[in-house]
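>>> Give me a 3D structure for the following:
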Amino acid sequence: MSLALVLSACQVSLTPVQQGGLLPVGQVLQKSSQAMQKLKSFAFNLTASGTLQGTAQGTATAVSGATPAPATATPSATASTTPTVSLSFNLTGNGQQSLADGKQALNLTLNQSTRLAEIIIGQQIYLQNPRGQWYVIDASRLETASGNLLTGWKLDTNSLLGLALHSSIADHGDETLNGQSLRHISAPLNREGLRQLLTSNTQLSNLLGSQNLNSLVDHTRSFQAALDLWIDETQFYLHRVQLKLAMNADTSGLLTPVAGVATTLLPPTLLVNLSSTADLSKFNQPVTITAPANATPTDDPRAVFEMS
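Model (predicted):
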């Protein structure tokens, strides 16, 4: 995700904390932007959970009140009618990235039972299905077939400086996270921030289409979104990114198929609740990522999961 792009559309004034000895938030963000651009490798842990509900009527409402305190309460959207579609998910994952040579290893667990693994080495993507079988496929084939959703986990931190220049930021000062003192900075997102959050994600844009994403934002009846960052003030690495989102969207403006589904088959109202956290660690430590020896070549990503 492009963090600065997301926050650049916020409109509230900067809210600093009055604590002696703290660097101005703008300097923290600038130094973090510079440090993350020079980063060679890191490890990460991911957690995400959410729900998606579709209703046959366009009167569903988002219920959450005021924007929640960062990293505490999660906004939520609830339907006023019985949902025609109702999905929920819980995702955990971990892995490591070597930015210098474009390698990544990722392990995912979906809904506590379905386990997947992925290794990226250049343009070759190795996928392990829940039965333990490895396949290898070229990244270009995945992008065409699946909207690039299986081509690794990406975190774009190159534009963090834009946070200080254009966004509405709340500075919460130093907090202890995982035994380390980190600077906590947060921002609520307005409609343009939500738009940039969605459209700057190339994987999501490839899957749903940028035109549909823009239309979805334009027809969103109500939403709440908050982005939180935790940065150390020694090396200025980004240690945690957290996003919380609740939205009530009208799908009538969608013009093209969504992930292969005709827009006429979608319910007129979608309620989305999402909470996600990414923790980064082991900065610039040696990373060893090797290709599985027994991977089966394929050009069709469906072959990876059909036998599951």
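>>> give me the element the nearest residue to L87 once chain neighbours are set aside is part of.
Of all residues not flanking L87 in the chain, L52 sits nearest, at 4.6 Å (CB to CB, 6 or more residues apart in numbering). C-beta here means a position set from N, CA and C on the backbone, and glycine is covered the same way. Assigned by DSSP states H and E, L52 belongs to strand 41-55.
>>> In contact with the residue nearest to L87: list those residues for me.
Going by CB atoms under 8 Å, 6 or more residues apart in numbering, L52 touches V85, S86, L87, S88, L270, L271, V272, N273.
>>> And the pLDDT for it?
Here the pLDDT value assigned to L52 is 83.
>>> so it bridges to which residues?
Listed by DSSP bridges, the beta-bridge partners for L52 are L87, V272.
>>> Please report the distance of it from A246.
Separation of L52 from A246 (CB to CB, to the nearest Å) stands at 12 Å.
>>> Now the common contact residues for those two.
Common neighbours of L52 and A246 (criterion: CB under 8 Å, 6+ apart): V272, N273.
>>> thinking G173 is in contact with L22, fair?
Yes: G173 is in contact with L22 according to CB atoms under 8 Å; the separation is 6.3 Å.
>>> list the residues that contact both of these two?
Taking CB under 8 Å, 6+ apart as the contact definition, G173 and L22 share the neighbouring residues R183.
>>> Now for A56, how many residues are close by?
14 (other CB atoms under 10 Å).
>>> so who does it touch?
A56 sits next to T81, T84, P267, P268, T269 when contact means CB under 8 Å, 6+ apart.
>>> now the residues you listed as JSON lines including neighbour count?
Below are these laid out as JSON lines (neighbours: other CB atoms under 10 Å):
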{"residue": "T81", "neighbour count": "13"}
{"residue": "T84", "neighbour count": "14"}
{"residue": "P267", "neighbour count": "18"}
{"residue": "P268", "neighbour count": "16"}
{"residue": "T269", "neighbour count": "27"}
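>>> Restricted to strands, list those residues.
Residues of the contacts of A56 located in strands (DSSP state E): T269.
>>> And the contacts of A56, which is closest to I137?
Minimum distance to I137 across these is 32.9 Å, recorded for P267 (CB to CB).
>>> ok, the residue lying closest to R183 once chain neighbours are set aside to F89 distance?
Of all residues not flanking R183 in the chain, I231 sits nearest, at 4.9 Å (CB to CB, 6+ apart). Going from I231 to F89 by CB to CB gives 29 Å.
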